[in-house]
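Novice: Model the following, please.
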Amino acid sequence: MNPTGSYLEIDGRPALRFVREYQHPAERVFVLLTDPAELAHWFPARVAAPTWSTGATVTFSFEADGDGGTGTVLAHEPPHRIAFSWEGEELWFTLESLRDGRSRLTFTHLMDERDAASRNAAGWDVCLEALAAAIDGTPASPPGGRSPEWEALYEGYVAAGVPSGAAIPG
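Specialist: Numbers count the residues shown, from 1 in each chain. Next up, the predicted model:
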């Protein structure tokens, strides 16, 4: 798998951007971005949001409830945009409806640490592949941790000059 994200800076803040197209309408994809049962197929943590209204609290969990921190819903505009913070970083998902019932997802991750870009980009690539499988109705086990696929993606981002150097768990 080749790296698909790009590194940029938005208002002086390090960011990653991914663009993917799906053979499904934006409404279908939006469900996978907001339904906790669907997020479990591709997102790197369990997500609990009692409501997706702007300003609501989002809780992220790995092993124990809440151990992944919290965030806030920044935008909720079904079926075209959902955004939330996660421990101060921001995740923005924007969907465009295309011809023939297809859709385009633009995912932007505003980060706190520039040196985390290669590490995070490799992780999001793995997660977005899992999202594509879930959208197509063939969800796999949720992504998690280092894997040979992640390692190859990480090395690809480093080789492409994307900032690196942050600690890598596991």
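
Novice: Find the residue at the geometric middle of the chain.
Specialist: W124 (5.4 Å; CA atoms, centre = their mean).

Novice: Tell me if I'm right that that one and H109 touch.
Specialist: Yes: W124 lies in contact with H109 (CB atoms under 8 Å); the separation is 6.6 Å. To be clear about C-beta, it is placed using only N, CA and C from the backbone, and glycine gets the same treatment.

Novice: shared neighbours of the two, which are they?
Specialist: Here W124 and H109 have L16 as joint contacts, going by CB atoms under 8 Å, 6 or more residues apart in numbering.

Novice: which residues sit in contact with the residue nearest to the centre of the chain?
Specialist: W124 sits next to 5, 16, 18, 107, 109 when contact means CB under 8 Å, 6+ apart.

Novice: again, but for P143
Specialist: Contact analysis of P143 by CB under 8 Å, 6+ apart lists 42, 44, 123, 126-127, 129-130.

Novice: Next: G170.
Specialist: Residues near G170 by CB under 8 Å, 6+ apart: 145-146.

Novice: Relative to G123, how far out is it?
Specialist: Remark: distance between G170 and G123 (CB to CB, to the nearest Å) = 11 Å.
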